[in-house]
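Student: Using only what follows, build the 3D model:
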Amino acid sequence: MSQIVVFAETGSPDVLRLQSIEVGQPGPGQARVRHTAIGVNFIDTYHRSGLYPLALPSSLGSEAAGVVEAVGEGVTEVKPGDRVGYVGGPLGAYASERLIAAEVLIKLPDGIADEVAASAMLQGMTVEYLVQRTYPVQPGQTVLWHAAAGGVGQIALQWLSKMGAEVIATVGSARKAEIARALGARHVINYSEEDVAERVRAITAGKGVPVVFDPVGKDTFAASLASLAPRGMMVSFGNASGPVPALSPLELTKHGSLFLTRPKLSDYTATRAELEASSAALFQRLLDGTIRIAPSHRYALADAAQAHRDLEARATTGSVILLP
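Tutor: Residues are numbered from 1 along each chain as shown. You can find the predicted model right below:
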């Protein structure tokens, strides 16, 4: 029997329940994967809370690493015994074992451990599409990255600093400021103590930055707009503090003919070719040491609710994983 985390109503982490299910055999195009490590991401809390509505009851999780146990008819992407990781597909990664479409599975290279893959794939591929395709950052450019000590932020700092960008990082505590500096941030702003837009203007000699990457949402959105140079791009890719209030397009005009985008990973990995290219770019940087990452917090699958509590309380830094 497989163990899976489910919820029948939206709400606090207390709605999460662990139950046993029979997984069964894979059908055409499917693989049965035994998980060895499961990624916990902020989007999981949006699903559980109802911010991103789901049909209920539902499972959770869109990222994991593991071993292929069996494949169904017509599967050519993987075979039994392959070490694999995935990002996306139907929710259900919070489980010890599951059936999933083989076309979303990516073989893990030798040298990348399962826990690293489960810590890095969703967050690292998010960084890849944000800095290489949503707004292709150039060497020498100054960018603003919010929540820089979080899982996505830590990967972004390493990726951007290695490519020669100058990162202004925002964090919420002195401890997180130390983490950001150690990972390559040129400037660090503690948004619990400082005015972000004022500091950005001071750092850039009044010009502002060409791009802001903002996973925080409501609490940082206004400061993000005020930090941008004319014709800059606001990349809003998360709601850690809650959804951004309704915005009149005239606000973008007022701040200097700004661009605003709200991207998501699935739109940038919509084809098998895009999925493979994005994961390959991440894997190469993990293998050559450009990015160093390991899970900072490990929880048992049965403790998924506590993992959510800690994540939402911003008590974690770096990546969070569940172990079946």
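
Student: And the strands in the stretch 201-324 of the chain, which stretches?
Tutor: For the stretch 201-324 of the chain, the strands defined by DSSP state E, counting those that start in this stretch occupy 209-214, 228-236, 259-261, 297-300, 320-323.

Student: Helix or strand for the most centrally placed residue in the chain, just tell me which one.
Tutor: Nearest to the mean C-alpha position of the chain, by CA atoms, centre = their mean, lies residue 123 at 3.3 Å. Using DSSP states H and E, the element containing residue 123 is helix 114-129.

Student: need the next SSE after that helix, C-terminal direction.
Tutor: Next element after helix 114-129 (DSSP H and E): strand 142-145.

Student: pLDDT weak spots in this protein?
Tutor: Within the chain, the set of residues satisfying pLDDT under 70 is empty.

Student: Please parse it into its domains.
Tutor: Following the assignment in automatic domain parsing, the chain carries domains at 2-120+269-323, 139-262.

Student: So which of those domains is nearest residue 129?
Tutor: domain 2-120+269-323 (6.3 Å; CB to CB). In this view, the C-beta of every residue, glycine as well, is placed from N, C-alpha and C.

Student: What is the end-to-end distance of that closest one?
Tutor: 13 Å (CA to CA, to the nearest Å).

Student: for stretch 303-322, same thing?
Tutor: Stretch 303-322 has an end-to-end distance of 8 Å (criterion: CA to CA).

Student: What lies in contact with it?
Tutor: Here stretch 303-322 makes contact (CB atoms under 8 Å, 6 or more residues apart in numbering) with 5, 13-14, 16, 18, 37-40, 42, 44-45, 48, 60-61, 94, 115, 118-120, 123, 149-151, 154, 172, 175-176, 179, 240, 293-301.

Student: Give the buried residues for it.
Tutor: By neighbour count on 16 or more other CB atoms under 10 Å, the buried set for stretch 303-322 is 303-305, 307-308, 310-312, 316-322.

Student: Report all helices and strands that the longest strand that the chain contains contacts.
Tutor: Assignment by DSSP state E gives strand 30-40 as the longest strand of the chain. Secondary-structure packing of strand 30-40 (3 or more CB pairs under 8 Å, 6 or more residues apart in numbering; DSSP states H and E): strand 63-71, strand 83-87, strand 97-101, helix 114-129, helix 304-312, strand 320-323.

Student: which helices and strands sit right next to the fourth one?
Tutor: So the one you mean is helix 114-129. Counting by 3+ CB pairs under 8 Å, 6+ apart, helix 114-129 packs on strand 30-40, strand 63-71, strand 83-87, helix 151-162, helix 265-268, helix 272-287, strand 320-323.

Student: Please name the strands paired to the last one in the sheet, noting orientation.
Tutor: Put plainly, it is strand 320-323. strand 30-40 (antiparallel), strand 297-300 (parallel) (DSSP bridges).

Student: that older thread, show me the contacts for the residue nearest to the centre of the chain.
Tutor: Residue 123 neighbours (CB under 8 Å, 6+ apart): 39, 41, 151-152, 155, 319.

Student: what's the spacing between it and residue 109?
Tutor: 18 Å (CB to CB, to the nearest Å).

Student: okay, now residue 79: neighbour count?
Tutor: 13 (other CB atoms under 10 Å).

Student: so it, which of the three states?
Tutor: coil (DSSP: H, G, I helix; E, B strand; the rest coil).
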